[in-house]
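> Requesting a structural model of the entry that follows:
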Amino acid sequence: MGEAKADRVLTGGRIFLGLAEGFAEALALRQGRILAHGTSSDLETLIGPQTDVIQLGGRAAVPGFNDGHQHMLLYGLELDELNLHPSRLGSLAELQAAVAQRATELPPDSWILGRRYDHFHLDVGRHPTRDDLDTAAPDHPVFVTRTCGHVGVANSRALALAGIDAATADPPGGEIERRDGRATGVLFETAQQLIKAVLPPLEQTRMIAALEAAGAAFLAQGITSVTDAGLGLRQRFDDYLAYKAAQEAGRLPLRVYLAFTGGPDGIEAETAAAGLKTGPGDERLKIGPIKLFADGSAGGKTAAMTLPYICACQNRGLFVYQDQELDDWVARYHTAGYQVAIHAIGDAAIEQALNAVEKAQRSHPSAGRRHRIEHCGFTHGAQIQRMARLGMIPAPQPIFLYEFGELYVDVLGEERPATAYPMRSWMSACLLPIASSDTPVSDFSPMKNLYAMIARQTHKGRVLGAQEALTLEEAVSALTLNGAYGSFSEKQKGTLEAGRLADIAVLDRDIFAGPPEALLEAQVDMTFLEGEAVFSRL
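Numbers count the residues shown, from 1 in each chain. Here you go, the predicted structure:
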């Protein structure tokens, strides 16, 4: 009986197998897995009459990218909402005009939702207010969120529907901004949930369509796996049911690792009743951690910092929980068997998260849990060593340096942003930082993320902490293998070793041969999922 032939062979380029494995010239795929790799001549015997041979022509191929912290469902849903990103508008008047235009397209009393405004890029240098939104759409409830997702603004109709006025108490971990004895419409952190609780319910068909649209966009960028880091944020347990229905209908375009929201407003009761704890599922849809929010965002000045932001008010950000509260939640989930993922951006919140995990491990020792700190933006050496001792994983967004680095300097000064998202320090401590995008907060472009990791430059060219830069090979590994490790899937994906899933991104050039700036122009030509072409630009 002859040697099994490959279904498909990629040959004639630089194929990055993995950080430890190095490069190959050719790659053979069979039945959705990597069959073999080597030189073109090595693999000639695996080519049969039915083998599809793809000539790379000097282009590079890498493992499919794994965006290890983002919000696929929210991104898909927001494709139908107003995009208020600074690249599209730079003034309050333009923001109001966009809202007013949407009001002409919808019946009165219909909700107008917008996303990704950034008050630091508006000409007025402040958040919009209820009055600004009332002027644009007096007959519609309006709610727009800042690009970080941690601050939102509601107009008067939306505030009334949510029952918010100047006398409404701040919810735990949130703040209703007031000025001159009146709610301004600006809502920080958990206060936004008061608005989200009264939004019209979404039909499952729309949610599935949103997952399809988001997945198609990701595949076009070579992304074959994602972690949706906040199921329950939009429509509680319905978020999970939409994913499950999409999978069962064959409409889930790529691999997803699911993180459920926890805490007092989370969906723990529903997930526990359904038997959904870390581990079950397959590599297409897998149950992941339960997530807690410890603080906010640096751009919104709500990330909890040890030292204050640059302002006269001595603002140090916002803790969502008191220390004992976070300790209790982490202990509860750790003891129940969950992987725990804690959103902590500021160094004070990171310290609080580390303390909570350390106490939980001391009370109930359990090796190999791989608890995560999501974002982990502004940390220091002692905290990094504690993470290593505790077996924890940072899940950062290096692309934030490129997109928001200038803002970090504005609100924190020069010194702290230079140590933000310290990829080199993490890797030196033998951690496996999970590079990710936090989409829709930031662009999900893997190329921009890779550039941020090796150049440490903002979009204006300012270098922030060159000592934390990675090689390109290390950066690709952070955006592939590390995400697989963070989802307990490193033996299935993340490298192109024999036996691994044949998830592959073929680029339009050899990114390992050009200057760093060429990454910003690079595109994905083809994406393979289990050896099948699911995207082609050609």
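> So for residue 90, what's the pLDDT?
Reported pLDDT at residue 90 in the predicted model: 83.
> what's the neighbour count on residue 450?
26 (other Cβ atoms under 10 Å). Using the backbone N, CA and C atoms, a C-beta is placed for each residue, glycine as well.
> In three-state terms, how would it be classified?
Judged by DSSP: H, G, I helix; E, B strand; the rest coil, the three-state class of residue 450 is helix.
> list the contacts for it?
Residues in contact with residue 450 (Cβ atoms under 8 Å, 6 or more residues apart in numbering) are 472, 475, 476, 479, 511, 519.
> The same query, at a cut-off of 6 Å, please.
475, 519 (Cβ atoms under 6 Å, 6 or more residues apart in numbering).
> pLDDT score for it?
At residue 450, pLDDT is 98.
> pull the CA atoms of stretch 146-160 into CSV?
Listed next in CSV are the C-alpha coordinates belonging to stretch 146-160 (Å, rounded to 0.1, in the frame of the first residue of the first chain):
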residue,chain,number,x,y,z
ARG,A,146,-16.4,55.8,24.0
THR,A,147,-13.9,53.7,22.0
CYS,A,148,-12.7,51.9,25.2
GLY,A,149,-16.3,50.8,26.0
HIS,A,150,-15.9,51.9,29.6
VAL,A,151,-17.7,55.3,29.2
GLY,A,152,-21.1,56.0,27.5
VAL,A,153,-23.3,59.0,27.0
ALA,A,154,-27.1,58.9,27.0
ASN,A,155,-29.5,61.6,26.0
SER,A,156,-32.5,62.7,28.0
ARG,A,157,-35.0,60.2,26.5
ALA,A,158,-32.6,57.3,27.2
LEU,A,159,-31.9,58.5,30.7
ALA,A,160,-35.7,58.7,31.4
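> Quick check: buried residues in it?
146-159 (16 or more other Cβ atoms under 10 Å).
> Helices - which of those residues land there?
In this view, those that belong to helices under DSSP state H are 156, 157, 158, 159.
> Tell me the spacing between the last one and residue 117.
Spelled out, it's residue 159. 18 Å (Cβ to Cβ, to the nearest Å).
> again, but for the second one
Using Cβ to Cβ, one gets 19 Å for the distance from residue 157 to residue 117.
> ok, now the third one?
From residue 158 across to residue 117, the span is 15 Å (Cβ to Cβ).
> How about the first one?
Using Cβ to Cβ, one obtains 18 Å as the distance from residue 156 to residue 117.
> what ranges do the strands span in the stretch 301-450 of the chain?
340-344, 372-375, 393-395 (DSSP state E, counting those that start in this stretch).
> Residue 173: which of these is closest?
strand 340-344 (11.2 Å; Cβ to Cβ).
> Show me what the closest one is packed against.
Judged by 3 or more Cβ pairs under 6 Å, 6 or more residues apart in numbering; DSSP states H and E, the packing partners of strand 340-344 are strand 285-293, helix 323-336, helix 347-363, strand 372-375.
> any idea which of the ones you listed is most buried?
Comparing these by mean neighbour count (mean count of other Cβ atoms under 10 Å), strand 372-375 ranks first with a mean of 30.
> in its sheet, what does that strand sit against?
Neighbouring strands of strand 372-375 in its sheet, by DSSP bridges, are strand 340-344 (parallel), strand 393-395 (parallel).
> what's the offset of it from the middle of its chain?
Going by Cα atoms, centre = their mean, to the nearest Å, the spacing between the C-alpha centre of strand 372-375 and its chain's C-alpha centre is 10 Å.
> Can you tell me what sits against it?
69, 341, 342, 343, 344, 345, 353, 393, 394, 395.
> go with 7 Å
Contacts with strand 372-375, where a contact means Cβ atoms under 7 Å, 6 or more residues apart in numbering, come from 69, 229, 289, 291, 341-345, 350, 353, 392-397, 486.
> average pLDDT across it?
Mean predicted lDDT for strand 372-375 stands at 98.
> What of stretch 251-266?
Computed over stretch 251-266, the average pLDDT equals 96.
> Only the buried residues of it, if you could.
252-263, 265-266.
> Just the residues you listed: which are in strands?
Those of the buried residues of stretch 251-266 mapping onto strands are 255, 256, 257, 258, 259, 260, 261, per DSSP state E.
> So which of the strands paired with strand 372-375 has the densest surroundings on average?
Highest mean neighbour count among these (mean count of other Cβ under 10 Å): strand 340-344, a mean of 30.
> got the contact list for that one?
229, 259, 289-295, 330, 333-334, 350, 353, 357, 371-376.
> Going along the chain, name the strands of the stretch 1-150 of the chain.
Going by DSSP E, counting those that start in this stretch, the stretch 1-150 of the chain shows strands at 8-18, 22-30, 33-38, 52-55, 60-63, 65-70, 82-83, 112-117, 142-146.
> Out of these, which one sits most buried?
Of all these, strand 65-70 carries the top mean neighbour count, a mean of 29, counting by mean count of other Cβ under 10 Å.
> what are the pairing partners of it, and which direction each?
strand 223-231 (parallel).
> buried ones in the partner strand?
223, 224, 225, 226, 227, 228, 229, 230, 231.
> ok, now stretch 497-506?
Within stretch 497-506, judged by 16+ other Cβ under 10 Å, the buried ones are 500, 501, 502, 503, 504, 505, 506.
> Put the alpha carbons of stretch 33-45 into PDB.
In PDB, the C-alpha atoms belonging to stretch 33-45 read as follows (Å, rounded to 0.1, in the frame of the first residue of the first chain):
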ATOM      1  CA  ARG A  33      -4.200  18.500   9.800                       C
ATOM      2  CA  ILE A  34      -0.600  19.200   9.100                       C
ATOM      3  CA  LEU A  35       0.800  16.000   7.500                       C
ATOM      4  CA  ALA A  36       4.500  17.100   7.100                       C
ATOM      5  CA  HIS A  37       6.800  20.000   6.500                       C
ATOM      6  CA  GLY A  38      10.300  20.300   5.000                       C
ATOM      7  CA  THR A  39      11.900  21.400   1.800                       C
ATOM      8  CA  SER A  40      10.000  21.300  -1.500                       C
ATOM      9  CA  SER A  41      12.000  18.200  -2.500                       C
ATOM     10  CA  ASP A  42      11.200  16.500   0.800                       C
ATOM     11  CA  LEU A  43       7.500  16.700   0.200                       C
ATOM     12  CA  GLU A  44       7.500  15.700  -3.500                       C
ATOM     13  CA  THR A  45       6.500  12.100  -2.700                       C
END
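> what is the mean pLDDT for that stretch?
Rounded mean pLDDT across stretch 33-45 is 97.
> Break the chain down into its structural domains.
8-64+500-536, 82-196, 279-486 (automatic domain parsing).
> deepest of those, which one?
Taking mean count of other Cβ under 10 Å, domain 279-486 is the most buried of the domains of the chain, at a mean of 21.
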